[in-house]
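Peer 1: after the sequence you'll find the predicted model.
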Amino acid sequence: GVGKSTLLLDVAGRAALSGRRVAYISGEEAVEQIRARAKRMGLEKAPVELASATALRDILGTLKREKFDIVIVDSIQTLWSDAHEAGPGSVTQVRACAGEMVRLAKTQGVAVILVGHVTKDGQVAGPRVVEHMVDAVLSFEGERGYPFRILRAGKNRFGATDEIGVFEMGDAGLREVANPSALFLGESKDRAPGAAVFAGIEGSRPVLVEMQALVSKSAYGTPRRAVVGWDTGRLAMVLAVLEARCGFGFGDQDVYLNVAGGLRINEPAADLAAAAALISSATDTPLPQGCVVFGEISLSGEIRAVGRAEARLREAQKLGFDRALTPPLTVKHKGVGVTSVTRLAEAVERISQNRY
């Protein structure tokens, strides 16, 4: 339900309209269902060759007789080979069918796109060997209740990994979001206490996202720690450093941390932004509206430098931010006033006294 079929039908239609011969093979939907979706997306005139089939022998026979440029199989879990007795979707069938499709791609020189479902924890369902067989693994992420989707490259033999593409789901399908930073930032004119804007890097793309924290008195014996969109272990580390190096006590406080918009952040550069949001909430002191934050926190309380600082500041300036709280930088960026801090205690003092 995230939109895999919609995205790939869009890819197939655009490729076919540009002159490439494309086959779209679905084991989950009838041909008429695919045509209805294509009509809704405005691609009904695209010369995509459709088929609804699951038998691997029949599919390979057709693909070897005809010369295609792109073949899309939706999904690999629905295919079955009569050479194995296991049912469709089993480990044996998925491994065998994926191996045959990879062999077809190598011998026929055709680009094959296989759709695979994921488990609840985001891993590709079925045998992990499939991820090793293919040249690229792209995951399509989206949260229910949010209109946008993130296409993330986890493996790529021919290019960079950790690249992302951001799309918005609408009535006519998926639309590319050219400026994802504007999507992940709140539209409020005034920044509330507990909110900090993090200047992050996703692949090669700088992205600004709002980190929200709430620190409140615990009503129960054991305080809660809830995190959405960030690593729970890093939150525990930041809380420990704030307590040990800066005198902030969270032992009787519930702590909630959320990355706005449903984006998941993986880089350590978000440490300082998370700490700033926590300090802001604990002291009820809002951060300035035009301020971005980034930096890695060490266990000694030192603020460490992070990569691509200039790109982060450039993206911040593009969206109207005029100041930044960062580690010491070797580069300066015109248009953004930088406040450098070397230790977390200094950052705590500046945030609580609103000095930038």
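Peer 2: Great, that's in hand. Values in this document were obtained by computation on a predicted structure and should not be read as measured data.
Peer 1: I'd like to know which elements the top helix by length along the chain is packed against.
Peer 2: Across the chain, the longest stretch assigned as helix under DSSP state H is helix 91-108. Where contact means 3 or more CB pairs under 8 Å, 6 or more residues apart in numbering; DSSP states H and E, helix 91-108 is packed against helix 56-65, strand 70-74, strand 111-114, helix 129-133. The way it works is simple: take the backbone N, C-alpha and C, and place the C-beta from them, glycine included.
Peer 1: pLDDT of the shortest one, averaged?
Peer 2: Pointing back at strand 111-114 there. Averaging pLDDT along strand 111-114 gives 96.
Peer 1: check stretch 9-19 too.
Peer 2: Per-residue pLDDT values across stretch 9-19 average out to 95.
Peer 1: what's the domain layout of the protein?
Peer 2: For the chain, automatic domain parsing gives the domain ranges 4-178, 183-352.
Peer 1: kindly check the end-to-end length of the shortest one for me.
Peer 2: Same thing as domain 183-352. From its first residue to its last, domain 183-352 covers 29 Å (CA to CA, to the nearest Å).
Peer 1: list the buried ones in the longest helix of the chain?
Peer 2: Neighbour counts over helix 91-108 (16 or more other CB atoms under 10 Å) mark 92-98, 100-102, 104-105 as buried.
Peer 1: please enumerate the helices of the stretch 251-356 of the chain.
Peer 2: For the stretch 251-356 of the chain, the helices defined by DSSP state H, counting those that start in this stretch cover 271-283, 309-318, 344-352.
Peer 1: let me know which of the ones you listed is tucked in deepest.
Peer 2: Mean neighbours per residue, mean count of other CB atoms under 10 Å, is largest over those for helix 271-283, with a mean of 26.
Peer 1: adding distance to residue 72 and mean pLDDT, write the helices of the stretch 251-356 of the chain out as TSV.
Peer 2: Listed next are the helices of the stretch 251-356 of the chain as TSV, based on distance: least, CB to CB, whole Å; pLDDT from 0 to 100:
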stretch	distance to residue 72	mean pLDDT
helix 271-283	39	96
helix 309-318	34	90
helix 344-352	49	93
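Peer 1: ranking the helices and strands packed on helix 91-108 by mean pLDDT, which is last?
Peer 2: helix 129-133 (a mean of 87).
Peer 1: and of the buried residues of helix 91-108, the nearest to residue 281?
Peer 2: Nearest to residue 281 among these, counting by CB to CB, is residue 94 at 46.3 Å.
Peer 1: that closest one touches residue 130, doesn't it?
Peer 2: Yes: between residue 94 and residue 130 there is a contact at 6.4 Å, judged by CB atoms under 8 Å.
Peer 1: okay, which residue is most central for the chain?
Peer 2: residue 150 (4.9 Å; CA atoms, centre = their mean).
Peer 1: how about that one: what's its closest non-neighbour residue?
Peer 2: Of all residues beyond its chain neighbours, the one nearest residue 150 is residue 141 (4.6 Å), with distances taken as CB to CB, 6 or more residues apart in numbering.
Peer 1: residues near that neighbour, how many?
Peer 2: 16 (other CB atoms under 10 Å).
Peer 1: before we move on, what about residue 148?
Peer 2: Neighbours of residue 148 using other CB under 10 Å come to 20.
Peer 1: any idea how far it is from residue 95?
Peer 2: For residue 148, the distance to residue 95 (CB to CB, to the nearest Å) stands at 34 Å.
Peer 1: ok, back up a step: just name the most buried of the helices and strands packed on helix 91-108.
Peer 2: It is strand 70-74: most buried of the helices and strands packed on helix 91-108 by mean count of other CB under 10 Å, with a mean of 23.
Peer 1: tell me the helices and strands packed up against it.
Peer 2: helix 4-17, strand 22-26, helix 91-108, strand 111-114.
Peer 1: now these in JSON lines, with distance to residue 155?
Peer 2: Converted to JSON lines, the helices and strands packed on strand 70-74 look like this (distance: least, CB to CB, whole Å):
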{"stretch": "helix 4-17", "distance to residue 155": "17"}
{"stretch": "strand 22-26", "distance to residue 155": "23"}
{"stretch": "helix 91-108", "distance to residue 155": "14"}
{"stretch": "strand 111-114", "distance to residue 155": "13"}
